[in-house]
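Colleague: heads up, no residue letters with this:
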């Protein structure tokens, strides 16, 4: 069964850091582009960033709001995706989804989603 | 990159059709055929229902269809059913390399 399972969410103080992870299984992770999408409570979806597959360069792209504060990385040996978040502020409070991008149904479609992990930034 | 513009709400009676618009710019919606639509029921994970403007993943009913003209993409739900009541989001690839989402549309089946 194909699945994405996020972990590492929790409560962090403003200005703090947190790392969330995503374990992939059931598909060839190494050739997948992977994205993070977040959803603040009661709000819409927001793309955070992605990391391309190694065969596509392995480089990350970020949304303007998080560039310089968030870092996306991958470990193809363990099928793990990570999101390192620094200088967190209350506006970063959201459910963070690990998402597969453009594998099954065309470029830049988000075709598989994890259940999400909640990150709360509060003093 | 600014968010794509969707109406906050839409509604229709069972059996009717409803269309949700998604307006961007020539740097996103108008410039690429990489528009996707997602359905999200309350408390659930989003689900891909349209990709590449007008293609449906396997298992998605053909009541859902997509189109695009210039900088505006549209999702049409025909033969509305109660289970179609959900939030719908569009997204597009943008020239910056990012993905940009619409603000979401809450579809109510009357």
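Modeller: The structure has been received and is ready for your questions. What you see is a predicted model; the values in this text were computed from it and never measured.
Colleague: Can you tell me the SS state at residue 87?
Modeller: In the absence of a named chain, this looks at chain A. Secondary structure, DSSP: H, G, I helix; E, B strand; the rest coil: residue A:87 is coil.
Colleague: Now it: closest residue in space that isn't a chain neighbour?
Modeller: Excluding the flanking residues, the one nearest residue A:87 by CB to CB, 6 or more residues apart in numbering or on different chains is residue A:69, at 4.8 Å. Just so you know, the C-beta spots here come from the backbone N, C-alpha and C atoms, and that holds for glycine as well.
Colleague: Which residues are in contact with the residue nearest the centre of chain A?
Modeller: Nearest to the mean C-alpha position of chain A, counting by CA atoms, centre = their mean, stands residue A:36 at 2.7 Å. By CB atoms under 8 Å, 6 or more residues apart in numbering or on different chains, the residues touching residue A:36 are A:47, A:48, A:49, A:50, A:72, A:81, A:83, A:96, A:97, A:98, A:99.
Colleague: cutoff 6 Å now
Modeller: A:48, A:49, A:83, A:96 (CB atoms under 6 Å, 6 or more residues apart in numbering or on different chains).
Colleague: From the opening residue of stretch B:32-46 to its closing one, how far?
Modeller: Taking CA to CA, to the nearest Å, the first and last residues of stretch B:32-46 lie 22 Å apart.
Colleague: Show the average pLDDT along that stretch.
Modeller: Mean pLDDT, stretch B:32-46: 97.
Colleague: Next, the residue nearest to residue A:87: phi, psi?
Modeller: Dihedral pair for residue A:69: phi -110, psi -30, per degrees, to the nearest 10.
Colleague: Report how many residues lie close to it.
Modeller: Residue A:69 sits with 15 neighbouring residues when counted by other CB atoms under 10 Å in any protein chain shown.
Colleague: Give me the pLDDT for it.
Modeller: Value for residue A:69, per-residue pLDDT: 98.
Colleague: do the same with residue B:28
Modeller: Residue B:28 is assigned a predicted lDDT (pLDDT) of 97.
Colleague: need the contact list for it.
Modeller: Contacts of residue B:28 (CB under 6 Å, 6+ apart): B:92, B:94, B:100.
Colleague: related to what we said a few turns ago, I'd say the residue nearest to residue A:87 and residue A:86 touch.
Modeller: Yes: in this structure, residue A:69 is within contact of residue A:86 by CB atoms under 6 Å, at 5.3 Å.
Colleague: Tell me how far residue B:18 lies from residue B:68.
Modeller: 17 Å (CB to CB, to the nearest Å).
Colleague: returning to what we had before: for the residue nearest to the centre of chain A, which three-state class applies?
Modeller: Assignment for residue A:36 (three-state DSSP): strand.
Colleague: List the contacts of the closest residue to it other than its chain neighbours.
Modeller: Spatial nearest neighbour of residue A:36, excluding adjacent residues (CB to CB, 6+ apart): residue A:48 at 4.0 Å. By CB under 6 Å, 6+ apart, the contact set of residue A:48 is A:36, A:38, A:63, A:66.
Colleague: Which phi and psi values does residue A:30 adopt?
Modeller: According to degrees, to the nearest 10, residue A:30 has phi -60, psi -20.
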